[in-house]
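Student: predicted model, plus sequence, below.
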Amino acid sequence: MDVEQKLRELPGWRREGDEIRRTITAPDFPTAIRIVDAIAVRAEELNHHPDIDIRWRELHLALTTHDQGGLTELDFALAARIDAIAAEYGA
Ligand SMILES: C[C@H](O)[C@H](O)[C@H]1CNC2=NC(N)=NC(=O)C2=N1
């Protein structure tokens, strides 16, 4: 898998070691929590779960595939869904 090519398709995300990361800034704290809830639904569907650090209206997300020891297609599939959710909630 060409990680750099995948990242070009996901401009909000950056690579840090074995992870890709994105910060989402929601309009307010309740919206940030709704975004987390929507991400949870997708994560369950994909059986792939982000690390999420909630700081007021900022969400710091990190994706990797622990059981494969690094980045996989699943990380990029979930990242694309997270981007769609963020856009839907005005973040
Ligand atoms: C057993 C189950 O499939 C694994 O624990 C899954 C669940 N969700 C996961 N999510 C992420 N981000 N990485 C994983 O390696 C992972 N593994």
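Tutor: Sure thing, it's come through.

Student: partners of Ile54 in the sheet?
Tutor: Beta-bridge partners for Ile54, by DSSP bridges, are Leu59.

Student: now for Ile20, how many residues are close by?
Tutor: Neighbour count of Ile20, defined by other CB atoms under 10 Å: 24. Glycine gets a C-beta too; all of them are placed from N, C-alpha and C.

Student: which residues in this protein form helices?
Tutor: 3-8, 29-46, 73-88 (DSSP state H).

Student: which secondary element of this structure has the worst mean pLDDT?
Tutor: Every helix and strand of the chain was ranked by mean pLDDT, DSSP states H and E. The lowest is helix 3-8, at a mean of 95.

Student: for it, packing partners?
Tutor: For helix 3-8, the packing partners by 3 or more CB pairs under 8 Å, 6 or more residues apart in numbering; DSSP states H and E come out as strand 14-16.

Student: can you list contacts of the strand it packs on?
Tutor: The set of residues external to strand 14-16 that reach it, using CB atoms under 8 Å, 6 or more residues apart in numbering, is Val3, Leu7, Ile20, Arg21, Arg22, Ala62, Leu71.

Student: of those residues, which belong to strands?
Tutor: Ile20, Arg21, Arg22, Ala62 (DSSP state E).

Student: in a markdown table: the helices of the chain, plus distance to Ile54 and mean neighbour count.
Tutor: Formatted as a markdown table, these follow (distance: least, CB to CB, whole Å; neighbours: other CB atoms under 10 Å):
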| stretch | distance to Ile54 | mean neighbour count |
| --- | --- | --- |
| helix 3-8 | 24 | 12 |
| helix 29-46 | 6 | 15 |
| helix 73-88 | 14 | 17 |
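
Student: now the ones you listed as JSON lines including distance to Arg14?
Tutor: Shown next, in JSON lines, are these (distance: least, CB to CB, whole Å):
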{"stretch": "helix 3-8", "distance to Arg14": "7"}
{"stretch": "helix 29-46", "distance to Arg14": "18"}
{"stretch": "helix 73-88", "distance to Arg14": "11"}
